[in-house]
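1. Please work out how this folds:
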Amino acid sequence: MLSSKEAIQASYDLVVIGGGINGAAVARDAALRGLKVILLEKTDFGAGASTKTSKLAHGGLRYLEQYEFGLVKESLYERNLLLKNASHLVSPLKFTFPVYTHSARPLWQVNLGLYLYDFFSRDSELPNHCKLDTEQVVNNFPGIQSKGLVGGCCYYDAQMKDNRLVIENVLAAEMAGATILNYAKVIKLLWNQRKIEGVIFRYDKSGNEINIKSELVVNATGAWSNEITDLESGVEHARVAPTKGVHLVVPKMFPTGLILRAPQDGRIFFVLPWEGYSLIGATDTFFNDPEATEVDKADVTYLLEAFHHHFPHFNIGAEAIISTFVGLRPLVANHHSKKPSLISRDHAIQFSKGGLITVLGGKFTTHRKMAEEVVDRIISHMDPLRVFKHCRTHELPLPGAIISDYNLEKELEEVGLQKIQVDHLMQNYGQLAKKILEIIKINPLEMQPICSEHPHILAELTYAIKFEHVKRMDDWLYRRTSIAYGSCQGKNNLEAVVEKFLPLSR
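-> Sure, this is the predicted structure:
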C-alpha cells in the first residue's frame, strides 16, 4: 500500500474531496481512464452517510409513486450491475408489501406498480413479483396486524454491504493508480486568476499542511458539500438539504424484508434482516448540521410506533434496541418541497467557472453511473490533445469479485477455519480473503475469534490495518466491519484488538 505521506505528489489532474461512495467511485473511474488522481477524506472512508444506509441496492419502489420512472429504471440497471460486479457484497432479498383496506394504494395498484418494476428490471435474473393472499402474508410474518389485511405482493430487490462497497471502490481506485488518503482535511482552495489550481489539506496527527496543484477539484462531500462550496467565494452554488435517516438494530425477527407505511405520515419504512439482526428504518427529517447528527428520542419513538402499528403484540421496546445509526442524505435543496420524502433522490452535477465540480444528491445504488457522468464532464474540460480511456466500470468487477480458478474456500477450510467463518470471509472479502489466508498461514493464532456472536477473526483486523487504511479502532469496528452495531461490539476479545492498534498510536 503506497498511499502514505511519501506517495503524495506535487500535482494531479484531479483532486476528489470526500471518501464516501460517490467520491470513491469518481476516483476509481477517473484513475481507470488514465487521470492522475488523489482522493482526500477528512475522517475515514464512508464515515458519513455511505455506511449508514438501509443496506439496499434497489430501484426504489416508492419513486414510482412520484413518477420518477427514469430514476427507477436507472437504479434497477445499476442494481443489476452490482449483483454481477460485486456478487460477494450484493445479494437478492425478497420483500413483502402487505396491503390493507385503509392502505394509501389498493392491492390492484400495488400489483400494477410491481408489473412496471418488473418491466424496468426485465434484464435481471431476479424473479418477477407475485400476489399473496391474506393467509400467506400472515403465515410469512406471524404477529402482523390481520385486521383489514386484504393480501399483499412479494418482489425481489437486493441487499448490500455498504461499508465493504465503499472500501472496495477505494481499493479499486488505488489499484488503478490513485493516491488515497483518509484523515486528510481540505482547508483551502488554491487560486490563480479566478481558476482553482489546487488545494491545501491538513494530514495526519501532526497537523502538517500540504499544498498540491490540480487542474480540477471534485466536491463529493455529501452533507458537508456546502462547506466546500463556501470556500469558492462570490459564486452561487446549488445547496444540499440534508435529511436524517435513523435505523434501529433489534433482535432478528424475519428472514425476508418487509415494506410498510408509517401511520404517522404515510411514509414507507422497512423491516430488514441484517447481519443476524433486524433493521427498522428509516426516518426522513430535515437536519442542517452534519457535525451534530444523533439519534434522538423522537426518532426512536417514531420508528417503534410505526412498527407496533403493524405488529401490535410484538414486545419490541426501547430496551430491546441493540444499537442505532444515523446518516444524512445529501439531497439537492428544493424550496418547493416541504416534505423531505418528496425531494427527488436523483443526483445533480454542478461545474463552476472556477473549476469546482460539486456532486449533489443521488442514491447509493446509482453511484457508479453518477461517477461516469462526472468523469465524462471532467475529461471534456481537459486538454483535447490528451487521450483518455472510455469508462469501463460497468463491466469491471470490484477487487473481491474478480473471478479466479483458485479454490479459496477449500484453502480456508484446510487451515482450520469453520465453515461459518469461511462463508463470512467469502461474503465480505471475496477474493481479497487470499490476503487474510496468507496472514493465517504465517501465524495460526490470527484465527482467534473477535466476537463470540459473530464469525470475525483477528486476521481480518491485521489485514485491514495493512491493506485497508485502518488507522483507528472505530474505522474497523464501524466501517470495515459492522461489529460495533452488534451485541458484543468487539468487546469479547478487546485486549487482542487493542494490541493491534498500539503501534498506530505511537
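2. State the number of residues packed around Gln193.
-> Residues lying near Gln193 (other CB atoms under 10 Å) number 6. Where you see a C-beta, it was placed from the backbone N, CA and C, and this is true even at glycine.
3. Please apply the same query to Ser482.
-> 25.
4. so what's it closest to, chain neighbours aside?
-> Nearest residue to Ser482, sequence neighbours excluded (CB to CB, 6 or more residues apart in numbering): Glu275, at 5.4 Å.
5. Same question for Thr96.
-> Per CB to CB, 6+ apart, closest to Thr96 is Cys154, 5.0 Å.
6. and if you look at Asp133?
-> Gly151 (5.1 Å).
7. what about the one you found, which SS state?
-> Here Gly151 is strand, with the state taken from DSSP: H, G, I helix; E, B strand; the rest coil.
8. so what's it scoring on pLDDT?
-> pLDDT, Gly151: 98.
9. how close does the residue nearest to Ser482 get to Leu71?
-> Per CB to CB, to the nearest Å, Glu275 is found 28 Å from Leu71.
10. Which one's more surrounded, the two?
-> Leu71 (22 against 16).
11. neighbouring contacts of the helix or strand that one falls within?
-> In the assignment (DSSP states H and E), Leu71 maps to helix 69-85. For helix 69-85, the surrounding residues in contact (CB atoms under 8 Å, 6 or more residues apart in numbering) are 57-60, 63-64, 89-92, 116-117, 120-121, 123-126, 157-158, 160, 165, 344-346, 363, 365-369, 394-398, 401.
12. Distance check, the closest residue to Leu132 other than its chain neighbours against His309.
-> For Leu132, the nearest residue in space outside its immediate sequence neighbours is Gly152; the separation is 4.5 Å by CB to CB, 6+ apart. As judged by CB to CB, Gly152 and His309 stand 16 Å apart.
13. try Ile212
-> 54 Å.
14. So for the two, which residue has more residues nearby?
-> Of the pair Ile212 and His309, Ile212 is the one with more neighbours under other CB under 10 Å, namely 19 against 14.
15. you'd agree that one is in a strand?
-> Yes: assessed by three-state DSSP, Ile212 belongs to a strand.
16. What pLDDT does the model give the residue lying closest to Ser75 once chain neighbours are set aside?
-> Here the nearest residue to Ser75 in space, its sequence neighbours aside, is Gly59; by CB to CB, 6+ apart that works out to 4.4 Å. Here the pLDDT value assigned to Gly59 is 89.
17. so Gly59 sits right up against Ser121, yeah?
-> Yes: contact status for Gly59 versus Ser121: in contact at 6.6 Å, counting by CB atoms under 8 Å.
18. okay, those two: which has more neighbours?
-> Using other CB under 10 Å, the more surrounded residue of Gly59 and Ser121 is Gly59, with 28 against 23.
19. Remind me which helix or strand the more buried one belongs to.
-> In the assignment (DSSP H and E), Gly59 maps to no helix and no strand.
20. give the contact list for it.
-> By CB under 8 Å, 6+ apart, the neighbours of Gly59 are 72-73, 75-76, 79, 117, 120-121, 157, 365.
21. Mind giving me the PyMOL command for buried ones among those?
-> Buried residues among those (16 or more other CB atoms under 10 Å), as a PyMOL selection:
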select buried, resi 72+73+75+76+79+117+120+121+157+365
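22. ok, so of the contacts of Gly59, who is nearest Thr243?
-> Set against Thr243, the nearest of the contacts of Gly59 by CB to CB is Thr365 (17.1 Å).
23. Quick check on the closest one: phi, psi?
-> The phi/psi pair for Thr365 (degrees, to the nearest 10) reads phi -60, psi -30.
24. Kindly report the same for the one 4 residues further on.
-> When read as degrees, to the nearest 10, the backbone of Lys369 gives phi -60, psi -40.
25. So what sits opposite the nearest residue to Ile228 once chain neighbours are set aside in the bridge?
-> Computed as CB to CB, 6+ apart, the closest residue to Ile228 that is not its neighbour in sequence is Asn219, at 4.3 Å. Residues in a beta bridge with Asn219, per DSSP bridges, are Ile17, Thr358.
26. re the thing from before, any idea how far Leu356 is from the residue nearest to Ser75?
-> 31 Å.
27. what does the domain assignment say about this protein?
-> 11-49+163-239+344-381, 86-158+241-333, 408-504 (the TED database).
28. any idea which of those domains is most buried?
-> domain 11-49+163-239+344-381 (a mean of 21; mean count of other CB atoms under 10 Å).
29. roughly how far apart are the residue nearest to Ser121 when sequence neighbours are not counted and Leu82?
-> Closest residue to Ser121 apart from its sequence neighbours, by CB to CB, 6+ apart: Leu76 at 4.3 Å. For Leu76, the distance to Leu82 equals 11 Å [CB to CB].
30. what about the helices in the stretch 351-500 of the chain?
-> In the stretch 351-500 of the chain, the helices defined using DSSP state H, counting those that start in this stretch lie at 367-380, 408-414, 419-429, 433-442, 458-467, 473-474, 494-505.
31. Distance to Tyr100 and mean pLDDT added to the ones you listed, as CSV?
-> Below are those laid out as CSV (distance: least, CB to CB, whole Å; pLDDT from 0 to 100):
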stretch, distance to Tyr100, mean pLDDT
helix 367-380, 35, 96
helix 408-414, 45, 96
helix 419-429, 36, 97
helix 433-442, 45, 98
helix 458-467, 45, 96
helix 473-474, 42, 93
helix 494-505, 47, 78
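32. Is the residue nearest to Leu132 in contact with Val137, as I believe?
-> Yes: counting by CB under 8 Å, Gly152 touches Val137, with 4.6 Å between them.
33. Show me whatever sits in contact with both of the two.
-> Common contact partners of Gly152 and Val137 (CB under 8 Å, 6+ apart): 96, 98.
34. got any ranges where this protein has weak pLDDT?
-> 1-6, 233-238, 334-345, 505-506 (pLDDT under 70).
35. what secondary structure does Pro98 sit in?
-> Secondary structure, three-state DSSP: Pro98 is strand.
36. beta partners of it?
-> Assessed by DSSP bridges, Pro98 has beta-bridge partners Gly152.
37. surely it meets Val138?
-> No: applying CB under 8 Å, one finds Pro98 not in contact with Val138, separated by 9.2 Å.
38. Now do the shared contacts for the two.
-> Residues touching both Pro98 and Val138 by CB under 8 Å, 6+ apart: 144, 149.
39. Phe325 and Val295, how far apart?
-> According to CB to CB, Phe325 stands 8 Å off from Val295.
40. so what sits against both of the two?
-> Val246.
41. Give me the residues contacting the helix or strand Gln109 falls within.
-> Using DSSP H and E, Gln109 falls within helix 107-120. The contact list for helix 107-120 (CB under 8 Å, 6+ apart) reads 59, 61, 64-65, 69, 72-73, 76, 97, 99, 103, 105, 128-129, 131, 150-153, 155.
42. That helix to helix 69-85, inter-axis angle?
-> With axes from the mean of the first three to the mean of the last three CA atoms, to 10 degrees applied, the angle from helix 107-120 to helix 69-85 works out at 60 degrees.
43. could you dump helix 107-120 to PDB, C-alpha only?
-> Output of helix 107-120 as PDB, limited to C-alpha atoms (Å, rounded to 0.1, in the frame of the first residue of the first chain):
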ATOM      1  CA  LEU A 107     -53.900  -4.100  -4.000                       C
ATOM      2  CA  TRP A 108     -54.500  -3.700  -7.700                       C
ATOM      3  CA  GLN A 109     -52.500  -0.500  -7.800                       C
ATOM      4  CA  VAL A 110     -49.600  -2.100  -5.900                       C
ATOM      5  CA  ASN A 111     -49.700  -5.100  -8.200                       C
ATOM      6  CA  LEU A 112     -49.700  -2.800 -11.300                       C
ATOM      7  CA  GLY A 113     -46.800  -0.800  -9.900                       C
ATOM      8  CA  LEU A 114     -44.800  -4.000  -9.400                       C
ATOM      9  CA  TYR A 115     -45.600  -5.100 -13.000                       C
ATOM     10  CA  LEU A 116     -43.900  -1.800 -14.000                       C
ATOM     11  CA  TYR A 117     -41.000  -2.600 -11.700                       C
ATOM     12  CA  ASP A 118     -40.600  -6.000 -13.300                       C
ATOM     13  CA  PHE A 119     -40.600  -4.400 -16.700                       C
ATOM     14  CA  PHE A 120     -37.900  -1.900 -15.800                       C
END
